[in-house]
Structure formats: structure tokens, C-alpha cells
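Chemist: could you work out the structure for the sequence below:
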Amino acid sequence: MRKKVCIGDLGTIITGNTPPRRAPQLYGNHTPFIKATDISEYEKYTYNPEECYSEEGYNKYIKSLIPKGSTCVVTIGSIGKKMTMAHCDLFINQAMNAIIPYNNYDDDYVYYAVKNILGNIKKLDSGTASGRENVSKSAFSKMEICVEEDLLIQQRIAAILSRYDSLIENYQKQIKLLEESAQRLYKEWFIDLCFPCHENTKIVDGVPEGWEKKRVGDIAEFKRGKTITKKEIVEGNIPVVAGGLEPAYYCNKSNTDDRVITISGSGANAGFTRMYFEKVWASDCSYIDCSTTKYLHFIYCFLKANKTNIDNMQKGAAQPHVYAKDINATDLLLPTNEILNSFERQLTKIYNSVASIQSQIRLLTEARDRLLHKLMSGEIEV
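Modeler: A predicted model of the protein is given here:
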């Protein structure tokens, strides 16, 4: 039997916090500390947050420890978009509220029940002095949600949906392994210089014979994206890539080809590099696509291997920026065409596999979301 309750009736609600930065001893590697920026909209768990509490931080803030199985929802900033489930005991920042389910509610069921109404949380936005979206703990706790009372039915529903997320997680692991293999090959060939036939290649002035000291812009010129706002677009399924780790929103037109590298242009994530296997609208970012260079995968591996250098290109104190001209001016050791073409052929196979798996993830996600609504509404009985 289904009934309407408040989110606060599902469990104890805890708002996270951030230890003061002037006390670095509270940060370390003891317990994961999840911020809204760590969370992907497309993954159930957040396994690798940027920061952790130290043991001292753990002991100081133990009253706000979020137990494994809790549902954590972003309520400041990207509200209505991001949530995650605690894969272990962890901490969250003040931009999130966590639901620690009572015994009469299944942990996974609570996660999916909230996910089903996640977009409605935006309606509770009261704003802040800084203009950021904000939903108070009180408003969040009082939000109504329709849930199944029977614990066994909750568990059956959660088990069905969890199978989809388990498949998605396995596919994500496959992608990670493929990307790691690509970076290993890049390191082997272009950092350790163990490229094919390296034994028979002379070293001239510190570099293999035939290789040249160039710049990124000599083989792939990054362009600045065209800023686009929600007022200018029609909603669609093409990602709008701006300054964040995930697309800002979606529109119905693109300005790139269907395989593209983007580098976030501004904000806290300025310099973040990502490859998309679909057309995007490049907004607040720099980009190249497969129509502008033959060596897209080589450049991508180069950028990932030189992440620190890209991050150090940030300019501006209040609002950091990374500019296309600085990326294009980055020094690059360019191998012979034969080596470069051979590497690109191998990397194309790897990233074609990544693209195929991402397509499967997209289909699974769409199927799960359709099923989510039907199961939660009672349209499908279990």
C-alpha cells in the first residue's frame, strides 16, 4: 500500500559541513568527504571524492557522520540534479542534506524514491543572498513524497532498479580500465620512449631522431566555445559544456562534430579535460573535435598526462580562467608521422570501445529511469 509522507518521515535528516580551511589538520585520508562538485548525475555512488577528513577531523565531526546506505541530496547550488548514496560511512558538505533511513524503510528504496522526485526539489528554491539556488533543511524535510509502506515490496522494487545501476557501474569500470590502458600506452611510447623500433632510433639533442619540439596548436588548434544561455536555447538532448565537470544543461543544437575534447574555461574546475563521444554545444570551454585534427586521441592523452600543467594555466583570483591561446601554446614533443599514425590507430580502437560502452550506459540509464517512475507510481506491481 502506498501513502504520502514527508521526506523527514523517511529518516533522520542531517546537513553536512565543511571544516575550516585554516585548520588543514582536519583534512587527510581517513574518511571520504563528498562535495556537490564530486557527484556525477549519472552514477549512484561517489567512490572517489576530491578530499577526505583526517582522523582528527573524523573525531571532531563524528556527530555529523553519514552512515553507509544514506541518501545524500544536493540542496544548495545544483538542486534538482544531483544526489548520491553513501557507499561507506562518510561526510558531506553543507550544500547537501542526508537522509538516514528508519528501520521501516529500505536504504535503496529511499534512494530511488527520492530520485524519482528529484527534479521537484527546485520548486522549493528560496535562493540565497549570493543568488545561488537554495532549499533549507526545514523545507526539504517537509517535502511530500509518495512511498510504499510494505518493506518487502520496497526491497523488491529496490532490487529491480539496483540491477540496472550495478550493470551501469560495471560498464563504468570497463571504461576506466580502457582509459587506463590508453594512458599506459601513451606513457610507454612518449614518456618512457619505448615506442615501436625505439631500439634502432638515434637520440639527437635529447629527443629521438625525426621527432620535433612543437606546440599543441601546431597539430590541433583549440577554439573558444560560444557562450549560450538558457534563454537562447530550446531544450533537447545535446550537452551544453561550460565550466563544470558535467554538462550545464541540454539543448537542441550543436557547434562541434561527434567526437570532441573540451577543457573547462572558468570557475573552480577551469582546466578540467573531458572527451565526449557525441555532438555538444561548446559554451564556456575550449574545444577541438575530430573534424579539426587527425590526432584527437593523442592530444587527449597528452592533456591527461599533463593535467598539472593545464591546471596551472588558471588566471584570475576571483574567477579562475583557462584560455585556448595558452593551451595552444603548450610545448609538445611531436613524434614522426609513422609513430603518430600508429598510436592514433590503436587509440581509436580503444576509444571506439569506450564510445560503444557509453552508448550502452545511456540506454540502461533511460530504461532504468522509465522503470523508476512506473515502479514508484504503482503502475507496475511487484
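Chemist: could you point out the helix or strand that follows the helix or strand harbouring Asn170?
Modeler: Take DSSP states H and E as the rule and Asn170 turns out to sit in helix 151-186. Using DSSP H and E, the next helix or strand after helix 151-186 towards the C-terminus is strand 203-204.
Chemist: one step back: buried stuff in the helix holding Asn170?
Modeler: 153-158, 160-162, 164-165, 168-169, 171-172, 175, 178-179, 182, 185-186 (16 or more other CB atoms under 10 Å). Heads up, the C-betas are built off the backbone N, CA and C, glycines and all.
Chemist: same for it, what does it pack against?
Modeler: When contacts are defined as 3 or more CB pairs under 8 Å, 6 or more residues apart in numbering; DSSP states H and E, helix 151-186 sits against helix 107-116, strand 144-148, helix 296-305, helix 337-377.
Chemist: out of the ones you listed, the one nearest Val74 is which?
Modeler: Closest to Val74 of the helices and strands packed on helix 151-186 is helix 107-116 (CB to CB; 11.4 Å).
Chemist: the closest one - contacts with which helices or strands?
Modeler: Packing partners of helix 107-116 (3+ CB pairs under 8 Å, 6+ apart): strand 71-74, strand 83-85, strand 96-101, strand 144-148, helix 151-186, helix 337-377.
Chemist: for Asp258, see how far away Tyr276 is.
Modeler: Taking CB to CB, to the nearest Å as the measure, Tyr276 falls 8 Å from Asp258.
Chemist: for those two, indicate the residue with more neighbours.
Modeler: Per other CB atoms under 10 Å, whichever of Tyr276 and Asp258 has more neighbours is Tyr276, with 20 against 14.
Chemist: I'd say that one and Arg259 touch.
Modeler: Yes. Assessed by CB atoms under 8 Å, Tyr276 is found in contact with Arg259 at 7.2 Å.
Chemist: in a strand, that's where Lys253 is, yeah?
Modeler: No. Going by DSSP: H, G, I helix; E, B strand; the rest coil, the assignment for Lys253 is coil, not a strand.
Chemist: separation between it and Ile219?
Modeler: Distance, Lys253 to Ile219, using CB to CB: 28 Å.
Chemist: which one of these two has more residues nearby?
Modeler: Ile219 (18 against 13).
Chemist: check contacts around that one.
Modeler: Contacts for Ile219 (CB atoms under 8 Å, 6 or more residues apart in numbering) come out as Thr293, Lys294, Tyr295, Ile299, Leu332, Leu334.
Chemist: wait, which of those is closest to Ala248?
Modeler: Of all the contacts of Ile219, Ala248 sits closest to Ile299, with 23.7 Å by CB to CB.
Chemist: burial count for the closest residue to the closest one other than its chain neighbours?
Modeler: Among residues not flanking Ile299 along the chain, Ala220 sits closest, at 4.8 Å (CB to CB, 6 or more residues apart in numbering). Using other CB under 10 Å, Ala220 has 23 other residues around it.
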